[in-house]
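Asks: The sequence and its predicted three-dimensional model are supplied below.
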Amino acid sequence: MRQNGRVVAVLGPTNTGKTHYAIERMLAHRTGVIGLPLRLLAREVYDRIVALRGPSVVALVTGEERIVPPRTRYWVCTVEAMPQEIGADFVAIDEIQLCADPERGHVFTDRLLRARGLHETLFLGADTMRGAIAALVPEAQFTRRERLSELTYTGSKKISRMPPRSAIVGFSVENVYAIAELIRRQKGGCAVVMGALSPRTRNAQVELYQNGDVDFLVATDAIGMGLNLDIKHIAFAGLRKFDGRRMRPLQPGELAQIAGRAGRYMQPGTFGVTGEAPPLDDDVVQAITNHRFAPVTKLQWRNAALDFGGIDRLIASLETFTHDEWLTRTREVDDLQALRALSQNADIRARVTTGPDVRLLWDVCRIPDFRGISPAEHAGLLDRIFGFLHGGGQVPDDWIAGQIRRIDRADGDIDTLSKRLAYIRTWTYVAQRTGWVADESHWRDATRAVEDRLSDALHGALTQRFVDRRTSVLLRRLKQKESLVAEVNDKGEVTVEGQFVGRLEGFRFRQDASASADEAKTLRQASTAALRPALHLRADRFYNAPDTEIDFTEQGGLMWGDNAIGKLVAGPDALKPQVEVFVDDEAGPDVADKVKRRLQHFIDRKIAALFEPMLALQRDEALTGLARGFAFRLVEGLGIIPRDQVAAEVKELDQDARGALRKHGIRFGQFTVFMPLLLKPAPTRLRLVLWSLARGFQEFPESPPPGLVTVPNITDMPDGYYAMAGYRAAGQRAIRIDMLERLADLLRAKDSRAGFEANPDMLSITGMTLDQFADLMQGLGYSAERGEREKARAVVAEQAAPSDAAVDAAPPVEVAAQEDQPDDGAASDASAQEEPPATEVFYTFKWAPRRQGGGRPRGEQGERQGRGQAKPRDDRPKQTDGAPRPRKGKPGGKRPPREDRDKPMQARPPRHEKPIDPDNPFAAALMGLKVNK
């Protein structure tokens, strides 16, 4: 090539505008070629020139892409793919310091020595190449360009403290993925850039970073080769790399090439280390910041004058040594390894007999090992391709179609997609070689389409794995100080800018649990700012909601629908509880105040409605004296008081006071004084909550299921629980107090001293078996003597019907079945003799309030006495200890005459000086007794 053009070496650190200058110089000429170190960078420069001159005059030529319009004037290429015999006016080689690279350096050295433009040649790179270029290209002129911005070392930083717009550099795929995963958890996500990515995937990832969707980039040292990104800080996650043969430390110049990506144009940049990378030595830091490095003294070289007279002669020419002190023969790289492997194949040696055969074999060996499986696998593939091409043949369409079809799948994870992309690059390369396939245009389009599909899938997989789209969107909007739009659907799911972030439970935001701790902080910051208007609207809707949408739980919680929005706390007295609301601080005091006022209105109205009889009693100013005092005690007991606790007060009440209290629905039962209306399930449930609040319980005992006459007597319930629940504990079970009073009415008519048996009415009231009833009676203060007797047989139909009096006097009988009885009397007698007499169990109950030791029935009073919480009873029977009153013929009264002892005990005639109280629930029964007498 003619060498009468000007040769200029433009040297200096990164961010000096060298590549931009080369593009300007090339476009100033009629034709030009620029060689770049990476396919990625070639695509970037190609796009820039197309934007300036249009696609019709710009070509892109790499090992895997070939876009060559008919009127091409400007060629953008990788250094390996540069056309060298087209006579372009302008030639530029970028990153010329790669002449020292062990893998590809010999290609750059060849271009340094042989590539020239007719009018101008530019070598762009680091200042370390000045001596080598001056020695090897004596006609070269030198121009030094200074960095446009300052570069500063900031030391070591944790990834969690990495500033926005940072790039973290790793030196292996595994390292890059691990860092990217950590960034996703802590910072919301990152873009990933590696040299092995296709341009389409790389551009899509870079776009994520450049448009602000993510603030972090994780990359290999590929970003050190001219990729122009908006990076403010570079952090090295390691200081060693694998160079294809061994792990070695990075040289200061290599570190500077990467660190120089920080700070673009006039903006300053910083660099440092992170992760397990040790801090940089001061000497290295000074070298990087001052751009002073040891000069390159040896360039990698391989003989360009190849001998195609035979395989062995070709290998020998490739192994030729140089005697130039600036050059050193490159180590054996992939193409020479492949040639050696194929030269061992006897079949190939037999077929390669001419110069064109040797040249073809060498072209096949130069197919890069994109797959990286093993040298043997790669050699096997090259053997197959050479077999197709030898003798003027082509790669068969059906064979290459089958190879491509196996690769053309967009499913799988990142590693799988990356492998498929590497595989398709082989066939893209083959399709780019002139004459290797029948329809070059078709196969170039086909392989490019597969690469694009795989690239898009890989970009999607990288984004899905390493970018929390939700957090990144919110971060970008917050950074741009835009107002975020939050939406809450009918399920309470919250989306901000279309991204699901959590759900509203009442007035508390529960963000998505999948977010990490670091993500959660950012997510909450963005979400609460956007949710504030939504919370105000929700508070307005709640304030106007009807009481039917609000409820309380048995643990004192306050619910709006399915959401807990507050709880009850103890107030000045049991009937005036206060409200504590569950409202996030971020919602603001106005929302919290509105929710609190609405909940206080609700609970006040609920108490007023359910305890209306008791509150009316409290407000009745007509009650005076003892009646008013008793009313206070009853309100204090929330409408229920065991009678033994107020025995003295009840005794002191005259009939007028009792009548005034009964007008409010108060019932003076034998065991309990209570208001029957307050025994309904709803007041009972609320009463237990208010009582538990007043007692300061941490966990509230729940009310028994509604409708049950008896419930199990759980011994570890707090004192007073069963009374507040509307029950009285007796034995193994607790009985509802209103049903207990009905049972007491039946017991009054029985002789509790002589003993009596339970009748069906008693068992029906309690819903118990006879054994259960016996346990209940013992709990109420009765003894229960168990006995067995012969079960009475049924009376035959022919006998005279007994009188009513006889039926009443007779013991309970069980009517035997009359069907299938034999007519023969003798047979019947025989049958009767054969069958053993049936027996039945019965209990005789007697009033026995004093029980010793463990024989005392289990109940509330017995439990309290056993725990030392109640005084023991004295030996005298009292009216207030649960026994029937003496004046009704119960213990404590005068014994009847001996001749009358077998008769049932009768109630004492009513006292004539006092009329029967019409409000007494037994008034009708007492009036009936008077009439019968």
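Replies: That came through, no problem.

Asks: I figured Leu182 was touching Ile159, is that so?
Replies: Yes. Counting by C-beta atoms under 8 Å, Ile159 is a contact partner of Leu182 at 5.6 Å. No exception for glycine: its C-beta is placed from N, CA and C like everyone else's.

Asks: Sort out which residues of stretch 311-323 are buried, please.
Replies: Neighbour-count burial for stretch 311-323, counted by 16 or more other C-beta atoms under 10 Å, picks out Ile311, Leu314, Ile315, Ser317, Leu318.

Asks: Quick one: list the elements packing against whichever strand or helix holds the second one.
Replies: Just to be clear, that refers to Leu314. According to DSSP states H and E, Leu314 maps onto helix 311-318. Applying 3 or more C-beta pairs under 8 Å, 6 or more residues apart in numbering; DSSP states H and E, we find helix 311-318 packed against helix 334-343, helix 355-365.

Asks: got a list of what the closest residue in space to Leu306 that isn't next to it in sequence touches?
Replies: Among residues not flanking Leu306 along the chain, Ser317 sits closest, at 4.9 Å (C-beta to C-beta, 6 or more residues apart in numbering). Contacts for Ser317 (C-beta atoms under 8 Å, 6 or more residues apart in numbering) come out as Asn303, Ala305, Leu306, Asp307.

Asks: who's in contact with stretch 359-370?
Replies: So stretch 359-370 is in contact with 63, 306, 308, 311, 314, 334-336, 338-339, 342, 348, 352, 375, 378, 381-382, 385-386, 389-390, 422-423, 425-426, 429-430, 433, going by C-beta under 8 Å, 6+ apart.

Asks: Now list the buried members of these.
Replies: So, by 16+ other C-beta under 10 Å, the buried ones in those are 63, 306, 308, 311, 314, 334-336, 338-339, 342, 348, 352, 378, 381-382, 385-386, 389-390, 422-423, 425-426, 429-430, 433.

Asks: quick one: the residue most central in space within the chain from Glu181, how far?
Replies: Centroid check for the chain by C-alpha atoms, centre = their mean gives Ala513 as the closest residue, at 2.6 Å. Going from Ala513 to Glu181 by C-beta to C-beta, to the nearest Å gives 19 Å.

Asks: on that earlier part again, filter the contacts of stretch 359-370 down to the ones in helices?
Replies: Among those, DSSP state H puts 311, 314, 334-336, 338-339, 342, 348, 375, 378, 381-382, 385-386, 389, 422-423, 425-426, 429-430 in helices.

Asks: Mind putting the buried residues of stretch 311-323 into a markdown table with distance to His664 and pLDDT?
Replies: Output for those, formatted as a markdown table (distance: C-beta to C-beta, whole Å; pLDDT from 0 to 100):
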| residue | distance to His664 | pLDDT |
| --- | --- | --- |
| Ile311 | 119 | 94 |
| Leu314 | 118 | 94 |
| Ile315 | 117 | 94 |
| Ser317 | 120 | 94 |
| Leu318 | 115 | 93 |
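
Asks: Make CSV out of these and add distance to Val214.
Replies: Formatted as CSV, these follow (distance: C-beta to C-beta, whole Å):
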residue, distance to Val214
Ile311, 52
Leu314, 49
Ile315, 49
Ser317, 50
Leu318, 46
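
Asks: For Phe552, state which of those is nearest.
Replies: Taking C-beta to C-beta as the measure, Phe552 lies nearest Leu318 of the buried residues of stretch 311-323, at 89.6 Å.

Asks: Low-confidence ranges, the stretch 651-800 of the chain, go.
Replies: Within the stretch 651-800 of the chain, the ranges that satisfy pLDDT under 70 run 793-800.

Asks: before we move on, what about the chain?
Replies: Checking the chain against pLDDT under 70 turns up 1-4, 226-227, 469-484, 486, 514-523, 525-526, 529, 793-836, 850-933.

Asks: if we can go back for a sec, and Leu197, which of the helices and strands packed on helix 311-318 is closest to it?
Replies: helix 334-343 (20.2 Å).

Asks: what's Asp562 sitting at in phi/psi?
Replies: phi -100, psi 0 (degrees, to the nearest 10).

Asks: just Lys232 next, same as before
Replies: phi -100, psi -30.

Asks: Spatially nearest residue to it (excluding sequence neighbours)?
Replies: Nearest to Lys232 is Arg165, by C-beta to C-beta, 6+ apart, at 4.2 Å.

Asks: Got phi/psi on that neighbour?
Replies: phi 60, psi 40.

Asks: Tell me how far it lies from Asp397.
Replies: 49 Å.

Asks: neighbour-wise, which of those two wins?
Replies: Taking other C-beta atoms under 10 Å, Arg165 and Asp397 do not tie; Arg165 has more neighbours (19 against 13).
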